[in-house]
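[1] Below is the sequence, then the predicted model.
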Amino acid sequence: MDLLRDLNPQQREAVTTGDGPVLVLAGPGSGKTRVLTQRAAYLIGERGVQPYHVMAVTFTNKAAAEMGDRISELLGRQTHGLTLGTFHATCARILRVEAEYLPVDSNYVIYDQDDQLSVIKQVMKDHNIDDKRYKPRAVHGAISGAKNELFLPEEYPIDSYRDEVVARVYEGYQNMLLTSNAFDFDDLLLWMATLLSDHPRIREKYARRFEHILVDEFQDTNMAQYTLLKLLASHHRNIFVVGDSDQSIYRWRGADYRNVMRFEHDFPEAEVILLEKNYRSKQTILDVAMSVIDRNPHRTPKRLFTDRGSGQKIVVKELYDEREQAGYVVDTIRKQVDTKQAKPADFAVMYRTNAQSRLLEEAFLSANMPYKLVGAQRFYGRREVKDIIAYLRVIWNPEDIVSLARIIGTPPRGIGTKTYAQLRTKAQQLGLSPGELLVKMAPDESPYRDRFSSRAARVLSSFGSLLAGWREIHDQVPPVEVVDQVLEDTDYRTYIEDGTEEGKDRWENVTELRRLASEYHTVGLREFLEDVALVSDQDTLEEGVDAPTLLTLHAAKGLEFPRVFIVGLNEGVLPHRRSFDDPEAMQEERRLFYVGITRTEDRLYLTHALNRYTYGYMEPTEPSRYYRDIPRDLRMEEGGNVYQKTSRRSSRIFKPWDEDDAPEVERKKTEREYDPGEKVKHPKWGKGIILNSKIQDEDEVLDIYFDSVGMKKVIASLANLEAQN
DNA sequence: GCATCGGATTTTTTT
DNA sequence: AATCCGATGC
């Protein structure tokens, strides 16, 4: 059958296995997304399952879209009714349908990080909580963590005075969200799980509907996600999850790779399938990756192997500072492009923190080389973009207090904190939201105007009229026309374009948002607002542009590139200093590095700087501890270290390739005849690749992966192996 | 109400 | 370095 062509035995097993829970443990580059896609296509095409009865969860919207396309392609037809998307998007959709069981209306808005933080700040102000003593971000983190663990405000565990404060803010926070008719990201998961566990009829409805559930990146699910999956799978128990604990990098967001173990516990009948063979990287890359990840405790050792050949050694490069590091990256890319060794799009540059992108961007810019920057926050976080979206949100849902607070004085229209406070007070007295009251103040003869001073009444009602006007058209015309009307009525361009370069830039962002809105002419404001709220960083990656990609290590998950730079391999950056005092976090730093390495197909460059700017001051920095774990024979220092301005201090700094600090990795001195990575032919089992070789009882014992039968242990002297080129 | 200035504070990663 | 916050002056 065509669907199963080009699959190895393990992949085929995963795709075609029968009903019941399945756990696919898949190393990097082992084709797990492919397995997931083919599985979905197989269920629909071969097993006759209706698309309506299948749910597939991916990590990004882009991955979902690609998966959808691929399934259609495999089946040769469209798959209407298939539920396919990220956890958040899928929940958001279902929650709108089931809104009658929820504390919000079906036109609720979704608050992003910024919105959430401003709610926290407001609530803390209302409760007279000192925001120096209790950092809003930290409080928010605690609340978000609680939500991911499915704790409601009244269930928040209290062990200290600090917990009491958090619990109080949590309660106020949740109230403010609900009176704003808003959910935050965590609510989407929390309420979905709550809905399913509190309403047996709804649980049955969806549990019966989703005969098959498929989940990608399972190692990065949190408790809320795990719980709702379990509830959704409670009827058919056909849950197919794919993951790799070594690639779990979202612990700080509540993700818990131990869900893999929970799964085995909760679904003891689960079939476990291992995908080990790597189709992406050269063996050297995999060896480097293993040398790094093997240092993490409490993990099941995994062997990464490929038949793509050993490949070149990785390059390690030391630079004077981050500016020269960026210059090195750009020079190296240009050299290879000029000599036609590679094309621009073959390259990716990865870093730990977003701030590191700036110098890289500048270097690309001054070299006149285009680049692609991955990061939704970069665009949607812009003030001007947020302003316009806030307008749309208030138009869509006048109860949205956060967005109203943002736009009521932007651009300035005579409504400041005082007037806005009056509006809020009066609205509360009337049992209305401030937004609703504004709309009611619009008519000339509106009785609500009398409740304010003449000045306040004038400015408020004039803004109310604008709002009422937009409200009237918002469900009659395509989103882009609403945007245009807002821009016109507020004279937003004059406000933003102040003649400076920056102003021009900002207006361009507004124009870009307008363009994005224009793509929603067949659907409505709801879809636009929802997509805007739930875009992931990876969704902003443009395909088809021949330029290098700049992205964080987190954003790199699931992607692959022929040539990869990982920059900033410095102590404090990678691993990040914020993780130093938490062993679990340190393990995650290592996994993050591992994820970066394993994105590489052919060539890997690791760079670090001797000096770094922190808070505006230049400081010497040590190379990352991870260098010590990479065997020396897998790497080379690129010749001619041009940058020798080493200061007295930095010259004493540990150099990753110094003999004294040579890796402590055990390199067994043996008389082995075969090495891992070599290809051989066995008289009975045919072609295979050597994964491991060790001397045991004076004989060489080989672990070989055969195309025909998979893993076998073989005694070299007895097996009659034939070497293959 | 709003613009501007100075000082403090900051950086992890993102749906 | 860049952003955020509050105080100040108009």
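    Sure thing, it's come through.
[2] any idea how far DNA strand C is from residue A:365?
    14 Å (CB to the nearest atom of the strand, to the nearest Å). Where you see a C-beta, it was placed from the backbone N, CA and C, and this is true even at glycine.
[3] Same check on residue A:309?
    Applying CB to the nearest atom of the strand to residue A:309 and DNA strand C gives a distance of 44 Å.
[4] and that residue, how many neighbours?
    Applying other CB atoms under 10 Å, we find 13 residues neighbouring residue A:309.
[5] Residue A:68 now?
    Residue A:68: 19 neighbours (other CB under 10 Å).
[6] And it, which helix or strand is it part of?
    helix A:61-75 (DSSP states H and E).
[7] what mean pLDDT does that helix have?
    The pLDDT scores in helix A:61-75 average 93.
[8] From the contact counts, what lies against the helix or strand just after that helix?
    Later in the chain than helix A:61-75, the nearest helix or strand by DSSP H and E is strand A:83-86. Of the remaining helices and strands, those touching strand A:83-86 by 3 or more CB pairs under 8 Å, 6 or more residues apart in numbering; DSSP states H and E are strand A:54-58, helix A:61-75, helix A:87-97.
[9] Give me the contact list for strand A:83-86.
    A:54-61, A:64, A:67-68, A:90, A:93, A:210, A:534, A:536 (CB atoms under 8 Å, 6 or more residues apart in numbering).
[10] what's near enough to touch residue A:24?
    A:14, A:32, A:35, A:240, A:241, A:242, A:243, A:272, A:273, A:274, A:275.
[11] who's in contact with the fifth one?
    I take that to be residue A:241. Counting by CB under 8 Å, 6+ apart, residue A:241 touches A:21, A:22, A:23, A:24, A:214, A:215, A:218, A:229, A:263.
[12] Around residue A:365, how many other residues sit close by?
    Residues lying near residue A:365 (other CB under 10 Å) number 12.
[13] Farthest-apart pair in the contacts of residue A:241, please.
    The widest separation within the contacts of residue A:241, taken as CB to CB, falls between A:24 and A:229 and amounts to 14.8 Å.
[14] Find me the pLDDT at residue A:650, would you?
    39.
[15] Same question for the one 5 residues further on.
    Per-residue pLDDT puts residue A:655 at 45.
[16] How about the one 3 residues further on?
    Note on residue A:658: pLDDT of 39.
[17] which bits of the stretch 251-400 of chain A sit near DNA strand B?
    Counting by CB under 7 Å from any atom of the strand, the stretch 251-400 of chain A comes close to DNA strand B at A:252, A:253, A:352, A:353, A:354, A:355, A:375, A:376, A:377.
[18] rerun at 6 Å
    A:252, A:253, A:353, A:354, A:355, A:376 (CB under 6 Å from any atom of the strand).
[19] Show me which of those residues are buried.
    Buried by 16 or more other CB atoms under 10 Å: A:354, A:376, out of those.
[20] Determine which two of the residues of the stretch 251-400 of chain A next to DNA strand B are furthest apart.
    Farthest pair in those, by CB to CB: A:253 and A:355, 19.5 Å.
[21] Which residue lies nearest the spatial centre of chain A?
    Residue closest to the mean C-alpha point of chain A, counted by CA atoms, centre = their mean, is residue A:555 at 5.5 Å.
[22] Cheers, nothing more for now.
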